[in-house]
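*Asks:* my questions are about this predicted structure, shown below with the sequence.
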Amino acid sequence: MLFVGDDWAEDHHDIEIVDETGARLVRRRLPEGLAGMSRLHALIATAMPPEWAELEDAEAASRVKIGIETERGGWVAALVAAGYEVFAINPKATARYRDRHSMSGAKSDPGDAHVLAEIVRLDRAHHRPVAGDSADGEAIKLIARSHQSMIWDRTRHVLRLRSTLREYFPAALEAFADLDEPDALELLAAAPDPDRAARLTKSKIIGALKRARRRNVERRAAEIQQSLRVEALRQPAAVQAAFAAITLSEVRLITALNTEIAALGEVVAEHFGRHPDAEIYASQPGLGVILGARVLAEFATTRTGSPTAKPARTTPAPHRSPGPPAPRGSCWPGTPETPAWPMHCNSGRCPHCADHPAPAPTTTRSEPGRSATKLRCAAWPTATSASCTAA
């Protein structure tokens, strides 16, 4: 096997190729782009042992293991398409491995390329190779991750808004449970400070609630108005005005993020719906369109995707209960249908059915005013006996 460490930067790649013993075969700095990829293929071909010349191209390429600190971009896609087994190494893991080779803490691009080559040579069993994805799968991965990142950005801005309001306008936190909801954003944009919030009319609050499609708008509007008019400690006017400007800025950002998240969510749904495995993922309990797209994005979507060194854990098969017990020798109830016992033999007519007497009725079902027929057990001439049954 050959092991390649690839420390990438915006405009170049530092490459180191080592053999199975760790001996360095090649160290180069290659440019980003098609020219650099062509030179990398040539370097790998030069370093291949002579006996690999008899192998098929795909078999020879599969014996090349490459470590790089990313799983995205055209460079990685070209490596996977060439048939190399590519491992996306977390930069934090690379930093920890670096300490094994140098205690000084010094970092260099060629040094990191050597560390990455050693990782795939010695510890690749503890890392997951980049999954082979179809074009549709790669598109879903990009759009689903961008959608998730945008939601995280919105969460950060909501936390900043909450922190700001706590400093000068705590009544807003009492009035609005969710600061990223449309009604809360509209009212905070109209009244970003306690003075203007106290002057909000009930009709304006009701209008915001109706546009956000809230229920019980009359009661909710009264609660919001009461919360905003509660007396509280105030900041000086100049400080309050500064906080209000910050609040307005955060409100505008969150409003814009809400719009973009909704638009991007539609794109996620569109790409997810076109994928041939969408129905399978959506059928899993708890997976909707967005979450199903995220799950699909983290797995290989080609039928012949590269095997993973650490396959994802799956739910074990449910424990199957034992099958029904084998039928006993007796075929009770084995008598033909009668008014007292309208049942046939469960296993079909057999020579022994005539020997099984029907349970004798203790009451008559057809007579009005009487209780239902009760059946008592009869003694069977066979070795097995039946339990008592009440009709």
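*Replies:* That came through fine.

*Asks:* can we go C-alpha only for contacts and neighbour counts from here?
*Replies:* Noted.

*Asks:* quick one: the helices in the stretch 201-350 of the chain?
*Replies:* 202-211, 217-228, 237-274, 278-282, 289-297 (DSSP state H, counting those that start in this stretch).

*Asks:* list the contacts of Arg27.
*Replies:* Arg27 makes contact with 14-17, 110, according to Cα atoms under 8 Å, 6 or more residues apart in numbering.

*Asks:* one step back: looking at the helices of the stretch 201-350 of the chain, which is buried most?
*Replies:* Stretch with highest mean neighbour count among these: helix 289-297 (a mean of 20; mean count of other Cα atoms under 10 Å).

*Asks:* helices or strands up against that one?
*Replies:* Helix 289-297 sits against helix 135-168, helix 237-274, helix 278-282, with contacts defined as 3 or more Cα pairs under 8 Å, 6 or more residues apart in numbering; DSSP states H and E.

*Asks:* kindly reformat those as CSV containing distance to Ala60 and mean pLDDT.
*Replies:* CSV is the format used below for the helices and strands packed on helix 289-297 (distance: least, Cα to Cα, whole Å; pLDDT from 0 to 100):
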stretch, distance to Ala60, mean pLDDT
helix 135-168, 25, 89
helix 237-274, 35, 92
helix 278-282, 34, 80
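
*Asks:* between those, which one is nearest to Phe87?
*Replies:* Nearest to Phe87, of all these, is helix 135-168, at 16.8 Å by Cα to Cα.

*Asks:* past that closest one, which element shows up next along the chain?
*Replies:* helix 170-175 (DSSP states H and E).

*Asks:* contact partners of that next one?
*Replies:* Residues outside helix 170-175 that contact it (Cα under 8 Å, 6+ apart) are 162, 165-166, 194, 223-224, 227-228, 230, 232.

*Asks:* now do the buried residues in that helix.
*Replies:* Under the neighbour-count criterion of 16 or more other Cα atoms under 10 Å, helix 170-175 has 170-173, 175 buried.

*Asks:* which of the contacts of Arg27 sits closest to Asp123?
*Replies:* Ile17 (15.9 Å).

*Asks:* picking that back up, among the contacts of Arg27, which two are most distant?
*Replies:* Ile17 and Pro110 (11.3 Å).

*Asks:* and Asp6, that's in a strand?
*Replies:* Yes. Judged by DSSP: H, G, I helix; E, B strand; the rest coil, Asp6 forms part of a strand.

*Asks:* number of nearby residues for it?
*Replies:* Asp6 is flanked by 28 other residues according to other Cα atoms under 10 Å.

*Asks:* right, and it touches Asp14 too?
*Replies:* Yes. Look at Asp6 against Asp14 with Cα atoms under 8 Å: they come within range, at 5.7 Å.

*Asks:* now do the shared contacts for these two.
*Replies:* Common contacts of Asp6 and Asp14 (Cα under 8 Å, 6+ apart): Ala113.
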